[in-house]
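In: Turn this into a structure:
(one chain, ligands or ions: 1)
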Amino acid sequence: MYRLFEVHKTRKATELSSSLWDFQVLNGEENGMQKTAVPGCWENMPGLGNYRGKAVYGRSFTAGGNVRLEFKGVSHTAEIYVDGEKVKEHYGAFTPFDVVLENLEQGDHKLEVVVSNEFNEKSALHIPNDYMTYGGINRPVVLEELGDAYLKWVHYTTKKCGDVWNVEAKLCLCGLKDLEEVTAAVTLDGKTEVLGTTSLCQGTETILTGSFAMEGAKEWSMEEPNLYPVEAKLSAAGEVIDDLIDRIGFREVTVTGDQIRINGRPIRIKGVCRHEDYSGFGCAIPFTAMQKDIQIIKDLGCNSVRTSHYPNDEMFLDLCDEQGILVWEENHARGLSEAHMKNPNFDWQCELCIREMIQNHYNHPSIYIWGILNECVTDTEFGRSCYAKQLEQIRSMDSSRPRTFATCRYQFKQEDHSLKINDICQDLPEVVSWNVYPQWYFNTDVSRFLKDLHGCVDQTPGKGKPMIISEIGAGAESGFHSAERLKWSEEYQADALNEQLTGVLSDDACTGVYIWQYCDVRVSNEWFASRPRTRNNKGIVDEYRRPKLAYETVKRIFGSWSNYKE
Ligand code: ADA
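Out: The predicted structure follows:
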């Protein structure tokens, strides 16, 4: 299983995951071959719980002609070999990538994937950090058989003109041989619109666009997440040669003044930051467990998830689309210093991550905002140039969603509780977002902190923009109870969240809040910063999703605020 709906009726697709693959550790020693489940993380295998290095996965497949292999996520560097020949290398655990093998001989073939989760200078984004970089093929793998041309991606933008919804379609066609005439059409709600006819050249991409009205469309909202399947088809000589089915929701995200609106209504964010991490599964979270997370998130009264700090599994996004959960999706980075950002690989690795994220996730109606570079350097000119470049890249790929980044570039002085902002990038995004920890890293009153923060941001070009508190929270060791309500106890966390959430939600100048964080997560063993049990324990539930005391506090508070600021 790799999506929640059928993606092709014409193109033949076979899942290569959801099965056992051969697996061997590559650490220079004599290691036997064993069988392992794909998707999976090797940290869940006996003896490999803390293995940082390389391993090879293998299996055979039977196919021929033009074959596309799609990997939804490999953590974090993949080298793909087919019949012993290297056909692709990819960096980055959290985005899908593919390789098209042309004119493969019909028959049995050997697929091998050498995977590395190593930290070294080649890796600018996966570094020792406050979350775990697992190893393995951690998301599904699909084999597709293509004809002479195929649809590489299809993007739909829904826009309301007067009372009628319009769909703008943009299709990327790839020729695998020269074709004189192919026709692209899109079917929605039983009606087919022909977008155009074009010739295709072997090895080149052609973009076709078109727009059409959809009478009587039911809108997508948090309360009624109506979805419509849209089928894009490519035909040649009167025959359908390829298709790509996706789902859309009719909704528009706009920013007016200090509010974010969905279909005109100003939203209030009641959210959690969520890492893809689940004890026993690592980052390869099975479908049932993903849905369990959504159920818990909904039970907590949340209406949004921030995919901190990387793009998420498409199945999770599908679940959010279906269940009306708003998503803040961001590219992969956390807390990189200027030296990290000057790594010669930083630029292209970020560019690739953003490109693959937007190309693949564009159509999810649940994604209402794109984020970049959590808590990286926004207080130097060099840092600013990186932020400007990446936000520009997003704009060039998607002008329908606002952009943001979570920053922590302020100085708080405990002695006199004074606050000073060093961030020089507040002019760049449409929405400003701040990670703040009054009552955890700072012993200070939440309302006062927020008032001072607004005061400081108002001195920057961030003034007047929507502001999200993108992180707030407190640590709690699951099971540690303290009558004195000491720090790290479940009681302390519940008290802190009570003050933090009430403070943010009753602050009219905030669009809303994301709790840091949904669940306790493993951190890299190589990273050390007061993390008992090698976990970031600010979860409202622990790593097995067992609720902490704060659960009921969050549920009570979130339950008493509506989804809209009206
Ligand atoms: C930061 C960061 C998170 C996490 C958090 C914490 O704000 O964005 O990834 O590390 O702090 O727990 O301190």
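In: Which positions in the stretch 1-150 of the chain make contact with the ligand?
Out: In this structure, the stretch 1-150 of the chain approaches the ligand at residues D130, judged by C-beta under 6 Å from any ligand atom. Heads up, the C-betas are built off the backbone N, CA and C, glycines and all.
In: Report the separation between the residue lying closest to V142 once chain neighbours are set aside and the ligand.
Out: Here the nearest residue to V142 in space, its sequence neighbours aside, is E70; by C-beta to C-beta, 6 or more residues apart in numbering that works out to 4.6 Å. Distance check for E70 against the ligand: by C-beta to the nearest ligand atom, to the nearest Å, it reads 29 Å.
In: how many other residues sit next to E70?
Out: By the other C-beta atoms under 10 Å criterion, the neighbourhood of E70 contains 19 residues.
In: Repeat that for K12.
Out: Burial measure for K12: 12 neighbouring residues, criterion other C-beta under 10 Å.
In: what residues are up against the nearest residue to it once chain neighbours are set aside?
Out: Sequence neighbours aside, E145 is the residue nearest to K12 in space, at 4.4 Å (criterion: C-beta to C-beta, 6+ apart). The contact partners of E145, taken as C-beta atoms under 8 Å, 6 or more residues apart in numbering, are 11-13, 63, 65-68.
In: so is the residue nearest to V142 in a helix, a strand, or just coil?
Out: When states are read from DSSP: H, G, I helix; E, B strand; the rest coil, the local structure at E70 comes out as strand.
In: residues contacting it?
Out: 96-98, 141-144.
In: OK, contacts around the residue positioned nearest the centre of the chain?
Out: Ranked by distance to the mean C-alpha position of the chain (C-alpha atoms, centre = their mean), the top residue is P311 at 2.2 Å. Contacts here follow C-beta under 8 Å, 6+ apart; on that basis P311 touches 94-95, 329-332, 353, 356-357, 360-361.
In: Point out the ones among those residues that are inside helices.
Out: When the contacts of P311 are checked against helices using DSSP state H, the ones located there are 353, 356-357, 360-361.
In: burial of the closest residue to the ligand within the chain, as a residue count?
Out: When distances are taken as C-beta to the nearest ligand atom, the chain reaches nearest to the ligand at D130, 3.6 Å away. The tally of other residues near D130 (other C-beta under 10 Å) stands at 17.
In: pLDDT at it, what is it?
Out: Reading off the per-residue confidence, D130 sits at a pLDDT of 97.
In: Out of the contacts of E70, who's the most crowded?
Out: For these, the largest neighbour count, defined by other C-beta under 10 Å, is 27 neighbours, found at V141.
In: Show me the beta-bridge partners of that residue.
Out: Applying DSSP bridges to V141 gives these bridge partners: F71.
In: and the strand ranked longest in the chain, what does it pack onto?
Out: In the chain, taking DSSP state E as the definition, the longest strand is strand 97-116. In this structure, strand 97-116 makes packing contacts with strand 54-71, strand 74-75, strand 77-82, strand 85-91, strand 136-137, judged by 3 or more C-beta pairs under 8 Å, 6 or more residues apart in numbering; DSSP states H and E.
In: of all those, which lies closest to A236?
Out: Closest of the helices and strands packed on strand 97-116 to A236 is strand 54-71, at 14.0 Å (criterion: C-beta to C-beta).
In: Which positions within that closest one qualify as buried?
Out: Of the residues in strand 54-71, those scored as buried under the neighbour-count criterion (16 or more other C-beta atoms under 10 Å) are 54-57, 59, 61, 63, 66-71.
In: quick one on the thing from earlier: what pLDDT does the residue nearest to the centre of the chain get?
Out: Value listed for P311 in the pLDDT field: 98.
In: Nearest residue to it in space, please, no chain neighbours.
Out: Spatially, and ignoring its direct neighbours in sequence, P311 is nearest to M357 (4.2 Å; C-beta to C-beta, 6+ apart).
In: At the contact with the ligand, which residues of the stretch 201-350 of the chain appear?
Out: Close to the ligand, as judged by C-beta under 6 Å from any ligand atom, the stretch 201-350 of the chain has residues R334.
In: Would you map the strands across the stretch 201-350 of the chain?
Out: If you assign secondary structure with DSSP state E, counting those that start in this stretch, the strands in the stretch 201-350 of the chain sit at 205-214, 228-236, 239-248, 253-256, 259-262, 265-266, 269-273, 304-306, 326-330.
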